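>>> Sharing a model prediction with you, sequence too.
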Amino acid sequence: MHWTDAVKAFTRILRTHGLDPDAVVDVGRAWEAFREFVQLPLGGVAPVEEDGDGFIVQWGRWSWDDGQPSLGFTRQVGVWEEGEVELWGVELTLYYGEDPAWAGLGSLAWNDSMGFDFDPIGPERSVALDGIAAFVATIPEVRALWQAVPVSSALKMERAG
């Protein structure tokens, strides 16, 4: 499958897990769908050693989301454009209402709170996914998001950076 079809592929996987990309209600099932999605080979991407295919798990309050608490699962791919690698992301963002359990979430963003990984597809990527899930379990605010029901969600592809 070509990388430009990645949103369609992730949508299909989410649906096989019983989820609508625009109304995710179970973070655990969304995570399992994401794990499956990031193991799919994609054509047209740069090599792994050039950060051609990886994943990012992020959480926080972002200005582009009006400061709403969110949790994001992103597959980032690098593609060759005019002699340079251009980064694109296929991101499932889960949005939450306010809750005291994640009141400090904004201070965690960009402060050792992201799971960036570019290990190759297969066992190495599985180990990395297990590692980020274990890391998330150590952060009370993020663990609370993971266990809560999002108020909305969105799946999109856009240029990174």
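Done, it's in.
>>> My reading is that residue 88 lies in a helix. Confirm?
No - the assignment for residue 88 by DSSP: H, G, I helix; E, B strand; the rest coil gives strand, which leaves it out of any helix.
>>> residue contacts, it?
Residues in contact with residue 88, defined by CB atoms under 8 Å, 6 or more residues apart in numbering, are 3, 76, 77, 78, 79, 157, 158, 159, 160. The way it works is simple: take the backbone N, C-alpha and C, and place the C-beta from them, glycine included.
>>> From residue 11, how far off is it?
For residue 88, the distance to residue 11 (CB to CB, to the nearest Å) stands at 16 Å.
>>> Over to residue 65?
From residue 65 across to residue 11, the span is 21 Å (CB to CB).
>>> between these two, who's got more neighbours?
Comparing residue 65 with residue 11 by other CB atoms under 10 Å, the one with more neighbours is residue 11, at 19 against 14.
>>> what about the more buried one, helix or strand, and which?
Remark: residue 11 resides in helix 6-16, with elements defined by DSSP states H and E.
>>> which ones are touching the closest residue to residue 127 other than its chain neighbours?
Spatial nearest neighbour of residue 127, chain neighbours left out: residue 119 (7.3 Å); criterion: CB to CB, 6 or more residues apart in numbering. Applying CB under 8 Å, 6+ apart, we find residue 119 in contact with 48, 54, 125, 127, 128.
>>> These in helices, which ones?
Counting by DSSP state H, the contacts of residue 119 place 125, 127, 128 in helices.
>>> Give me the contacts around the helix-or-strand element of the chain with minimal mean pLDDT.
Ranked by mean pLDDT, DSSP states H and E, the weakest helix or strand in the chain is helix 105-108, scoring a mean of 71. When contacts are defined by CB under 8 Å, 6+ apart, helix 105-108 is touched by residues 59, 60, 61, 67, 69, 139, 141, 142, 145.
>>> Verify the assumption that the second one is located in a strand.
Yes - secondary structure assignment places residue 60 in a strand (three-state DSSP).
>>> That one contacts residue 93, doesn't it?
No - Residue 60 is not in contact with residue 93 according to CB atoms under 8 Å; the separation is 11.1 Å.
>>> quick one: common contacting residues for those two?
Contact criterion CB under 8 Å, 6+ apart; residues shared by residue 60 and residue 93: residue 70.
>>> Closest to the mean position in this protein, which residue would that be?
Compute the mean C-alpha point of the chain, and by CA atoms, centre = their mean the closest residue is residue 73, 1.2 Å away.
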